[in-house]
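In: pasting the sequence and the predicted model now:
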Amino acid sequence: MLNPLSIAGLICFWSFQEPADQPRLAQGPFSYALAEQNGPLERVADGVFGDYATVSGSSSPERSARRSTPMVPRPR
């Protein structure tokens, strides 16, 4: 299995292993946090990088403040 932390140029990686209502803390050079919006993020017990994975398109998207994650590229 690929270790995401071994990817050259990695800015941060979220594994989504934290319990609901807890900030999602990134691994890697920048420990940025994501916060849930509009309720808990839906998880399933079928993770690739841990016991859990997040459900894409969940009704509670994660967010981070732009000023707190300056190294993460933003869409233009």
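Out: Okay, I see it. Numbers count the residues shown, from 1 in each chain.
In: now do the contacts for the residue sitting nearest the centre point of the chain.
Out: By C-alpha atoms, centre = their mean, the chain has its centre lying nearest to residue 14, at 3.2 Å. Each residue near residue 14 by C-beta atoms under 8 Å, 6 or more residues apart in numbering is listed here: 24-27, 34, 62. (Each C-beta comes from the backbone N, C-alpha and C, glycine too.)
In: now for the residues you listed: which two are most distant?
Out: The two members of these with the most space between them (C-beta to C-beta) are 27 and 62, at 15.1 Å.
In: low-confidence stretches in the protein?
Out: Across the chain, the ranges flagged by pLDDT under 70 are 1, 56-76.
In: after the top strand by length along it, which helix or strand is next?
Out: Using DSSP state E, we find that the single longest strand of the chain is strand 33-36. Using DSSP states H and E, the next helix or strand after strand 33-36 towards the C-terminus is strand 43-44.
In: got the contact list for that next one?
Out: 16, 20, 52-55.
In: what about the strands in this structure?
Out: So, for the chain - with DSSP E - the strands run 24-25, 33-36, 43-44, 53-54, 62-63.
In: that older thread, farthest-separated two in the contacts of strand 43-44?
Out: So, these by C-beta to C-beta: farthest apart are 20 and 53, at 14.1 Å.
In: these two - which one has more neighbours?
Out: Neighbours per residue (other C-beta atoms under 10 Å) separate residue 20 from residue 53, with residue 53 holding more: 17 against 11.
In: any idea how far the more buried one is from residue 3?
Out: 17 Å (C-beta to C-beta, to the nearest Å).
In: equivalent analysis for residue 29, please.
Out: Taken as C-beta to C-beta, the span from residue 29 to residue 3 is 15 Å.
In: so if I had to pick from the two, which one is more boxed in?
Out: residue 29 (13 against 8).
In: isn't that one right next to residue 9, touching?
Out: No. Assessed by C-beta atoms under 8 Å, residue 29 is found out of contact with residue 9, at 9.7 Å.
In: mind listing what the residue lying closest to residue 50 once chain neighbours are set aside touches?
Out: Nearest in space to residue 50, with sequence neighbours left out and distances taken as C-beta to C-beta, 6 or more residues apart in numbering, is residue 17 at 4.2 Å. By C-beta under 8 Å, 6+ apart, the contact set of residue 17 is 47, 49-52.
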